[in-house]
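Asker: Sequence and predicted model, in that order:
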Amino acid sequence: MGFQAVVLNTETMAITEYGNFRFNSFCEFAGKVLAAGPNGLFSLEGTDDAGTPIVASFQTALTDFGSSNLKQVLDVIADFGGAGIEIETVTDGGVVAADQTVISTADGIRTERIKPGRGIKSRALGFNVCNVNGGDLDLKDLEMRMAILGRKL
């Protein structure tokens, strides 16, 4: 059983939540981040978790972009580096639609057009973004192109 960890960035006031966090305390010592829990003391470093790929994800806030009209995502433009990116469209109704997964073998930051799940219409939209197969992900920019539909709710 793990804990739910909540971290506040004091510069941006952004909140990050970590699920299944199996530690009750941590510190930085001699340049390494150490975490303690019921199973002992661990160094939080490396590219995997005892041989298991590290799944990383975040969800953007839902926004209505200042309009009460329904919106439909046309595409998502992502500037990213790493092994790949997977994006899901999230609506205010809790609907999650898997979008295209982009796996890359290229080095450095690149721009990819990602097609969204079809037929999603919502007043407020957001995204769930995650790495592919536990690989590195360096997200520089995420831009959504959408159509604002004529019908209001």
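Answerer: Great, that's in hand. Residues are numbered from 1 along each chain as shown.

Asker: how's the chain carved up into domains?
Answerer: Structural domains annotated on the chain: 3-45, 57-152, as defined by automatic domain parsing.

Asker: Got the confidence number for G2?
Answerer: Here the pLDDT value assigned to G2 is 62.

Asker: Can you report how many residues lie near R145?
Answerer: Look at R145: counted by other Cβ atoms under 10 Å, it has 11 neighbours. C-beta here means a position set from N, CA and C on the backbone, and glycine is covered the same way.

Asker: Tell me the spacing between it and R113.
Answerer: From R145 over to R113 the distance is 9 Å, taken as Cβ to Cβ, to the nearest Å.

Asker: Pull up the overlap in contacts between those two.
Answerer: Residues touching both R145 and R113 (Cβ atoms under 8 Å, 6 or more residues apart in numbering): 75-77.

Asker: can you pick the most crowded of those?
Answerer: Tallying neighbours with other Cβ under 10 Å puts V76 at the head of these, with 23 neighbours.

Asker: Setting aside sequence neighbours, what's the nearest residue to that one?
Answerer: Nearest non-adjacent residue to V76, counting by Cβ to Cβ, 6 or more residues apart in numbering: I114, 4.4 Å away.

Asker: Thought A78 was touching that neighbour, still the case?
Answerer: Yes - counting by Cβ atoms under 8 Å, I114 touches A78, with 5.9 Å between them.

Asker: Overlap in contacts, the two.
Answerer: 85, 87, 102.

Asker: mind listing which of those are in strands?
Answerer: With DSSP state E as the criterion, strands contain 85, 87, 102 from among these.

Asker: can you put the residues you listed in a markdown table and add neighbour count, pLDDT and distance to N20?
Answerer: Below are these laid out as a markdown table (neighbours: other Cβ atoms under 10 Å; pLDDT from 0 to 100; distance: Cβ to Cβ, whole Å):
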| residue | neighbour count | pLDDT | distance to N20 |
| --- | --- | --- | --- |
| I85 | 26 | 83 | 22 |
| I87 | 25 | 82 | 22 |
| V102 | 19 | 76 | 26 |
